[in-house]
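Chemist: build me a model:
(3 chains)
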Amino acid sequence: MTGTRSRRFATAGGVTLVLLITVALAAPLLAPYDPSARVGTPFASPSGAHPLGTNDIGQDLLTTLIFGARISLLVGIVAALAATLVGTSIGVVAGYARGWVDAAVMRLVDVVLALPVLPLTIVIGVFLGPGLSTQILVIASVIWAGTARELRAQVLSVREHDHIQALWAMGGRAGHVLPRHVLPAVAPLVVPQFVLATKTAILLEASLAFLGLGDITAKSWGTMLSLAQARSAFLTDAWLWWVVPPGVAIAVTVLSFALLAYAFEERARPSLADRFGGSPGTADLRSAVPGEPPTSGGDPLVIDELTVAYRDAVAVDRMRLRVAPAELVALVGQSGSGKSTVAAASTGLLPAAARITGGRVLVCGQDVAALGPEQLRSLRGDRVGLIPQEAMSALDPVRTIGDQIAEAVTAHRRMGRAAVRARVGELLSVVSLHPDRARDYPHQLSGGMRQRVVIAIALAAGPELLIADEPTSGLDVLVQAEVLDLLDGLRRRLRLAILVVSHDLPVVERIADRIAVMHAGQLVEIGPAGRIRAEPDHPYTRRLVEATPRLRLPEAASR
Amino acid sequence: MTRSADTPATTGPGRSWTCSLPLHGVHPVRRVAFAVLAAALVAGGCSAGTGTAQPDQLRIAVAEDFGPLNILNQSEDPLTFLVYDRLVAPSPYAQDPQPWLATEVRNVDPKTWMISLREDVTWHDGEPLTAQDVAFTVSWFKEVPSGTYTHHITTVPHIAQVEVLDTYQVRLTCAYACPFLGTVTLAHVPIMPEHIWSGIEEPTRHTELPVGTGPYRLVSHEPGQGYRFEANPDYFAGEPLVETLLMPIIPNPTTTFTALRTGEIDAATQFLPPELVEQFRNADDIEVITTTPLQFPELRINYRRAPFDDPEFRRALSMAIDRRELNDTVWLGKGRVADRGYPHPDSPWTNPELRTTYQPQAARQLLDRLGFTDADGDGVREGPGGPLSYTIYVDGSVPVRVRATQLVAEQLREIGIGARAETIDTGALSNLLDSKEYDLYLDSIGAHGVADPTQFIMSHFSGYLWDLPEVPYPAFQALFGEWKAAETIEARAGVSWRMQELFNSRPTAIPLHYPSGELGYRPEAYDGWVESPGYGLVHKWSLLPREVAQGAGAILEPGR
Amino acid sequence: MSRLRRALGRAGQYVLVLVAATTLNFLLPHLAPGDPVTYRYGGQTAALTPEQLDEVRASYGLDAGLPEQYWSFWAGLVRGDLGVSIGYSRPVLAVLAERLPWTLALVGVATLLAFGLGTLLGAVAAWRRGSRRDVGIVTGVLALDAMPGFWVGMLLISVFSVELGWFPSYGAAAITADGAAEWVGVAQRMVLPVATLTLASLGSIFLLARASMTSVLDEAFIRLARSKGISERRLAVRHALRNALLPVYTNLTLAVGTLVSGAVVVETVFAYPGIGRMIYEAVIARDYPLLQGAFLLVTVGVLAANLLADLTYPLLDPRVRRSEAVEAREPAR
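Modeler: Modelled structure (predicted):
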């Protein structure tokens, strides 16, 4: 969805720009008069002969406007090209070389950024004298620094990528790594930088003209505007035809550049919505859909013929699944199988692009899809707790963990401050953390501790159902076992129904009562953990079981 | 200051006083002695001639920050002379100046002037004005770098000696005949308080508010924001009509006239741009008066450089300028065609016979005769130093002048001189005269330059119109000799006229247009505005009882 | 120990940047053609003689060679003396002190507004990214951002001063008023210039905030927070916005430079007696001492804003509150 939006922006910006450039190039053909000819009476109002009237010496304003596109675009584009070229080279070199080169260059950038742009432009402009080339030079010389800084930051982050690190470790030379691997990675950012520079250049040109420091004999939109204001157009009706058109022309040009930059930036930074998505279901598998008979009540989680689609792609196809109190069901499948979509649907947290097209999800008997936002809100946390993916980043980095747990508590219960604090301490103890940890920030905890905090949050309001979406991702093996054992213990102690979603069969099979296997959006097999491991029915399950190397932990260690 | 907002425009059908100027002679004003008149007026009290109720305060926009009106730094006459007075009023540009701080100014022989002072004048701080102050002023201006006041005391004319005869009597003695002293010099130089300035080491850096004798005291100056003047209730010529003058500083004309329209200000010292005149005339709450500013835009020629050092070449340039086209196109047909040369034709001291006409054919023939021909047929003539291609500089922040420059360049190309307009900033432009690094440029010149007969001479020594004695100019030097020897105003005027003829036949500055100046104000706030030559409407004469201003010969009788 | 060293190194970098910027600021105006004394005291009719001009030049120390002037500039700076403005005949410090409050007020309020409004709009737009509301806000803000500042200012005057008469069209203080009325006047006169300046700098802050909010909304902790069943408002403000603020805040100091540039134009349009217009006038008048002082002030201001952001950033981000505080961030953001 955002993809089309950014495409639409890019199209709008691109078309406008192409149009403007065409107008600039074809100015002599399009303009009704010679731009320097005095063809009418000065200060004439619009008429058939002069649709925008005439200026202070009787030149046709429409002609001036059309020819203005040339200078404005020329100044904007050339200055921006120069600035982007210089800025990119410097930024890339600094980011790549690091060390003293980087330090020196970045201090220079800081110097330029610390200088006030417009006054500096004025000084340089005055120093170099008037003229178009001066203006371009002046403008370029003050806007390159921003680009350099942005690109350097980008190069620095690209450097940290695994493959670049690997190339570096293998003795890759700068001459090879830079153009082949670093530049392509930062290139998407150069475009928006260029576009922004163009915008800045065009606006600077106009400002300089306004201050009387532009080249008033060059007919840009900026000089047209500054002339209009110098000849009192703001005080007469003339502003309608003398001030608004060039102002709008500048705004439209800049806007089209901005839209382009925006679209490029969006493309370089795709959103979560696009990252989800499953492969469409295949017909040959559909015939063999197993599953559980629909039940209307009792169980905390009942998934009944659930079908979820992202636009036209079906991510989950007629899924059926139940989780009973104190039962731990593992939902296993490779990435893209639709298992995370099932988890999301179960908490009413489907991404905006996803739609439930069939079936339903019942949490404690309530149809999640049928709930309004407020009902959904009171369901979450209170009846169903979620342990999301990416345990390492699942906690808000700027709030204490105590605060975050307390929030989960008070979202559903009105409690006194002391009671909340006591409850937070209790929850921390439940997940085997010291209550004093409440004052800590997430970055002060290890990965395993953080995941425990996340579990504490999920438990905070005392739900009947827990959905754990890849609860062990990013944790090392020993910690994984600890976390899973914690979950296993909790469901027994609190009679929780738990659905663990994982791509890793061996990790979950140890604690799961039952295992459900998903492939391409469909549930291909479900059954007791022991049977699935020992004698999988479905060929896909078999592949899954056989493909995974079995890392056997001693049974004793897990209890 | 001559950095004016060059806007001008419309002359209505010329002001009547202009036409009534005696064409063949400057009034002999050898003796200016209307001693009693002013005193009588003071006694008569301060009945205003306008009939409207007088406001407590007026808000008048000024275009520039002139600092705390230190006379040695930025000075803007209409503001400066709210605070200060001269011995003779109102200015060197008026036809019939009258004694002001003086009761009598008498030319006892060609080199000697006797001055009697009023005895009832006090400085703003209560000190009395005495002959000592006059003597101090003369000797002080000789020492301190004031530019204009200094050279009109040390050079043209040259006051060699000043004697205090008694508390209110001074005698000035010139090094050579000085018939203009009474009507020009003494109408130009402000009288400064000795007790303030005698103790100041670095007077150019003095930033205290000024102490004068004038009708208004400057009570505050907020840099970049504005001025506040309060009436001087003890003013010898009568109490000013408005108690407080607030003068906000608004550099941008659009902002100024917006404020005038919204009623945030009551008047402005900036001329209305020609394109706004009709609109403001038609506005119910705004009145517009057309004045004749003594200033004009001009093309300056670097007479030090070839081929501009050739008088004939300069004459060809002058003949190539189509002043009517400039008037019609750039100045929208307002103001007057500048076909009467330099100085300003409305100055009482200008030769009325001067004519500078557009003769492109004659210009071409003259250039041919001088040997500047277009041998290679590219439309640009060549001389010994190569093609005649020149840049005309102009201040980029004044669009009207840029337009004029573009048009002048076009007109020069018509006679085969390759000319191109180039904009530079005000700072660089102001340095051109000094650096001498130019061929041609466009600038504007104000009242003191174009209406003061002694300044016309001085301008030939300052580097502006000529650079004597660095660059010899025998024809002018001969006339200057005659001029110095002339002992009467008539004789001087005669020589002046010949100098002006000489100048216009080989000009180093070509006036491009005689502008008219429309000034707008809100009559419901104050309706007493009158024009004083070269000063527009905002000056002390508009703020004093009408009879006082009339008695001083300070105002042009309004036709209203 | 290493913390102190790091702090010292950082201070050293700041000083280095300051010296380099100041040197550039010193050199550039001197390279332009023109001369402050000729500008002020020259001219066609009021001209001082060449000897007098030289005298005035000498009195401002302008007769010395450039290296000498540069040296005495630093010598003066060390003593806290920025020299005497040629255009104002007064100590540069006094002139700056008069103008600074106006610009500070203008730029300060505009910064806060642009920051607040830009962040808010950015957050709102990002909240439902790709929605009609998002597209509307993005297009609107980008369009505003695309308008030249002086154009916006003049239009605001046309509408709000001329047509509606709501606000004064020029100046900083009603020189007619005293006491409380004076402050009301000051506030009234700030409205339009501040609005212009805010609109001119809104765009970049908005885009940054929107991008930042977008990536924060993708974070796992937002999913977790939402799964707690807290209200959307609480989620948006306490978790999403709070985190999205961080990069916006660190980039705020960059906006200060932009705002000062904007102030030049805005102060010209509204006849506002601030530093911006003064710098412009000083450039035209080639008032070297004043220019040097003003540029130094702006540079120090930008660096101080940088430093302030550096020092206050740990208050916003607990992750850098410990000893790693200074290093954890990109330098000079």
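Chemist: can you name the residue of chain C nearest chain B?
Modeler: Here the residue of chain C nearest chain B is C:Pro273; by Cβ to the nearest Cβ that distance is 3.1 Å. In short, each C-beta sits where N, CA and C put it, glycine included.
Chemist: any idea whether that residue is helix, strand or coil?
Modeler: coil (DSSP: H, G, I helix; E, B strand; the rest coil).
Chemist: contacts only, for it.
Modeler: Neighbouring residues of C:Pro273 by Cβ atoms under 8 Å, 6 or more residues apart in numbering or on different chains: B:Glu222, B:Pro223, B:Gly224, B:Gln225, B:Ile249, C:Glu98, C:Arg99, C:Trp102, C:Gly171, C:Ala172, C:Glu267.
Chemist: one more pass at 10 Å, please.
Modeler: By Cβ atoms under 10 Å, 6 or more residues apart in numbering or on different chains, the contact set of C:Pro273 is B:65, B:222-226, B:248-249, C:98-99, C:101-103, C:171-173, C:267.
Chemist: quick check: pLDDT value at the closest residue to chain B within the stretch 201-350 of chain A.
Modeler: Closest to chain B within the stretch 201-350 of chain A is A:Gly212: 2.9 Å, counting by Cβ to the nearest Cβ. A:Gly212 carries a pLDDT value of 71.
Chemist: now swap in A:Thr548 and tell me
Modeler: Taking A:Thr548 on its own, its pLDDT is 63.
Chemist: go on, C:Val19?
Modeler: 85.
Chemist: hmm, it is touching A:Val111, no?
Modeler: Yes. With contact defined as Cβ atoms under 10 Å, C:Val19 reaches A:Val111; the gap is 9.3 Å.
Chemist: comparing these two, which shows the higher neighbour count?
Modeler: Set C:Val19 next to A:Val111 and count neighbours by other Cβ atoms under 10 Å in any protein chain shown: A:Val111 wins out with 22 against 12.
Chemist: quick one: whatever helix or strand C:Leu246 lives in near chain A?
Modeler: Assessed by DSSP states H and E, C:Leu246 sits inside helix C:242-269. Yes. Judged by Cβ under 10 Å from any Cβ of the partner chain, helix C:242-269 comes into contact with chain A through C:242-243, C:245-246, C:253-254, C:256-265, C:268-269.
Chemist: got the buried residues for that helix?
Modeler: Within helix C:242-269, the residues that qualify as buried by neighbour count (16 or more other Cβ atoms under 10 Å in any protein chain shown) are C:242-269.
Chemist: just to revisit the earlier point, need the contact list for the residue nearest to the residue of chain C closest to chain B when sequence neighbours are not counted.
Modeler: Spatial nearest neighbour of C:Pro273, excluding adjacent residues (Cβ to Cβ, 6 or more residues apart in numbering or on different chains): B:Gly224 at 3.1 Å. Neighbour list for B:Gly224: B:65, B:249, B:251, C:88, C:95, C:98-99, C:102, C:171-172, C:267, C:271-275, C:277-278, C:281 [criterion: Cβ under 10 Å, 6+ apart].
Chemist: rerun that using 8 Å as the cut-off
Modeler: Going by Cβ under 8 Å, 6+ apart, the list of residues near B:Gly224 reads B:Asp65, B:Ile249, C:Glu98, C:Arg99, C:Pro273, C:Gly274, C:Arg277, C:Met278.
Chemist: among those residues, which one has the most neighbours?
Modeler: Neighbour max across the contacts of B:Gly224 (other Cβ under 10 Å) = C:Met278, 29 neighbours.
Chemist: now that one, what's its secondary structure?
Modeler: Under the three-state scheme (three-state DSSP), C:Met278 adopts helix.
Chemist: how close does it get to C:Glu98?
Modeler: C:Met278 sits 9 Å away from C:Glu98, going by Cβ to Cβ, to the nearest Å.
Chemist: distance check, the residue of chain B found nearest chain A against C:Gly276.
Modeler: The nearest approach of chain B to chain A comes at B:Ser397, 2.9 Å away (Cβ to the nearest Cβ). Applying Cβ to Cβ, the value for B:Ser397 to C:Gly276 is 16 Å.
Chemist: A:Val138 too?
Modeler: For A:Val138 relative to C:Gly276 (Cβ to Cβ), the value is 18 Å.
Chemist: who has more neighbours, these two?
Modeler: Using other Cβ under 10 Å, the more surrounded residue of A:Val138 and C:Gly276 is C:Gly276, with 30 against 25.
Chemist: is it fair to say A:Val314 lies in a strand?
Modeler: Yes. A:Val314 forms part of a strand when assessed by three-state DSSP.
Chemist: is it true that it touches A:Ala520?
Modeler: No. Counting by Cβ atoms under 8 Å, A:Val314 stays clear of A:Ala520, with 9.1 Å between them.
Chemist: right, and B:Thr154 touches B:Lys142 too?
Modeler: Yes. With contact defined as Cβ under 8 Å, B:Thr154 and B:Lys142 form a contacting pair (5.6 Å).
Chemist: where does the stretch 151-300 of chain A have low pLDDT?
Modeler: For the stretch 151-300 of chain A, applying pLDDT under 70 flags the ranges A:160-176, A:188, A:214-217, A:265-297.
Chemist: which of the buried residues of helix C:242-269 are close to chain B?
Modeler: Residues of the buried residues of helix C:242-269 in contact with chain B (Cβ under 8 Å from any Cβ of the partner chain): C:Thr268, C:Val269.
Chemist: for chain A, which segments count as strands?
Modeler: For chain A, the strands defined by DSSP state E occupy A:301-310, A:313-323, A:328-332, A:354-363, A:366-367, A:384-387, A:465-469, A:497-502, A:514-519, A:522-528.
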